[in-house]
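>>> Sequence first, then the predicted structure, then my questions.
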Amino acid sequence: MSTSPTRHSNRGNKPKLLVVDDEPDNLDLLYRTFYRQFQVLRAERGRHALEILAQQPDIAIIISDQRMPEMAGTEFLGQAAQQYPDVMRIILTGYTDSEDLVEAINQGQVFKYVTKPWDEDDLRETVQQALDAHNLIKTRTADLNRVLRQETLLNTITHRIRSAQTPQDMLQTIVDVVGRSLEVSYCSIRPYCAQPSEESCFTYRADAVQALATENSSIIAQTLWPTDRVLVLESVLEASGNQIPDAQERLSAFAALGIQSSVLVPLISRKDLVAVMALHRCQLERPWAADDLQLLITLADQAALALAQAYTYEQVQALARREALINTITSAIRSSLNPRKTFAAITGQLGHCLLYTS
């Protein structure tokens, strides 16, 4: 017969310890030893312990007896190691020369073994070592996942930017990739390096707001403004007038879009403001993470450089076309003394140029 997980007040702040033993007296002893430090879960069979793990995969440590009916401790811990590799596993045994135990240790299925009868202080020390190892693995795994996520996003942005044909394509690419990756409701960019206008705002909309989207570009544009620093608005409604210029008009735009929380990130190249990117959430489900903000700053630096280069290239092309047009018109004037033919040549070239640039 097995018992349900033990309930204890304020347990939500405690790490979880699963103890598995077919002897109720041992389960009670282990509970009394660790209930102050851990949320202790109990099982009398390996199969029941696997069911508890499936329901609560955030268990930090398992202490399991070796000799149990139906499933030995090494067999149970072997299955737990395959399905939940981050859980630290300790085995209790009176037979240190068991071939199964030696094999389990050699295969990394057991963190440590403790011989019966155990010394309480030694067991406490072993469990503390297991908890320290679990926390270290958890921290390093989270760090690795964060770095991989950042590298993936940076590589995606870099590749997509390089394949963009125009600065406009580049801007739309940035908001699409960033908006999807950071799971925001809106992600917008408004360029400021050359004749900004309400129509030059590029926006990503999540599916949840896409179906309800009735806004126009002028409303979205009101949620961005020139800034030379990262601005975090955890709650738009609680933001001060010092944080939001023309606050009344802009707060109306935030309200119309259902925006609750925002971040504004400047894209600056050579001390010049190239554009401003805004990320908006329509729910206050969590604060903006420091890692995400740092990632946005890195992305903004790369995007600002790429955009500045793209705009410079466009300007060079425009100057080249203007120079070519001047040379063509000059040649037409010099090659004909007939005013009508000269005028026709000039208007033809101007018309071709306007059609090309449009």
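Here it is on my side, so go on. Numbers count the residues shown, from 1 in each chain.
>>> Now do the contacts for residue 303.
157, 161, 170, 174, 267, 275, 277 (C-beta atoms under 8 Å, 6 or more residues apart in numbering). Heads up, the C-betas are built off the backbone N, CA and C, glycines and all.
>>> Please, which helix or strand holds it?
Using DSSP states H and E, the element containing residue 303 is helix 290-335.
>>> one step back: out of the contacts of residue 303, which one sits closest to residue 321?
residue 170 (20.8 Å; C-beta to C-beta).
>>> Buried subset of the contacts of residue 303, written for PyMOL?
The PyMOL command for the buried members of the contacts of residue 303 (criterion: 16 or more other C-beta atoms under 10 Å) is given here:
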select buried, resi 157+161+170+174+267+275+277
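>>> tell me which residues of stretch 111-119 are tucked away?
So for stretch 111-119, counting by 16+ other C-beta under 10 Å, buried means 111, 113-114, 118.
>>> Could I get the average pLDDT for it?
Mean pLDDT, stretch 111-119: 87.
>>> same question, stretch 39-52
Mean pLDDT, stretch 39-52: 94.
>>> how far out from the middle of the chain is it?
34 Å (C-alpha atoms, centre = their mean, to the nearest Å).
>>> heads up, I number from 826, so please use that
I'll keep to 826 as the first residue from here, and by that count the last item is stretch 864-877.
>>> Including secondary structure and distance to residue 903, could the contacts of residue 1128 go into TSV?
Shown next, in TSV, are these (DSSP: H, G, I helix; E, B strand; the rest coil; distance: C-beta to C-beta, whole Å):
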residue	secondary structure	distance to residue 903
982	helix	43
986	helix	48
995	helix	52
999	helix	48
1092	strand	53
1100	strand	55
1102	strand	49
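>>> Phi first, then psi, for residue 917.
For residue 917, the backbone dihedrals (degrees, to the nearest 10) come out as phi -100, psi 130.
>>> Quick check, pLDDT for the nearest residue to it once chain neighbours are set aside.
What sits nearest to residue 917 in space, not counting adjacent residues and going by C-beta to C-beta, 6 or more residues apart in numbering, is residue 890, at 4.9 Å. On the pLDDT scale, residue 890 is placed at 91.
>>> residue contacts, residue 890?
845-848, 851, 898, 916-918.
>>> quick revisit: for the record, mean pLDDT for the helix holding residue 1128?
75.
>>> Repeat that for stretch 1165-1172.
Stretch 1165-1172 carries an average pLDDT of 67.
>>> burial of the residue nearest to residue 1072 when sequence neighbours are not counted, as a residue count?
Excluding the flanking residues, the one nearest residue 1072 by C-beta to C-beta, 6+ apart is residue 1066, at 4.6 Å. Using other C-beta atoms under 10 Å, residue 1066 has 10 neighbouring residues.
>>> That's all I had, so thanks and see you.
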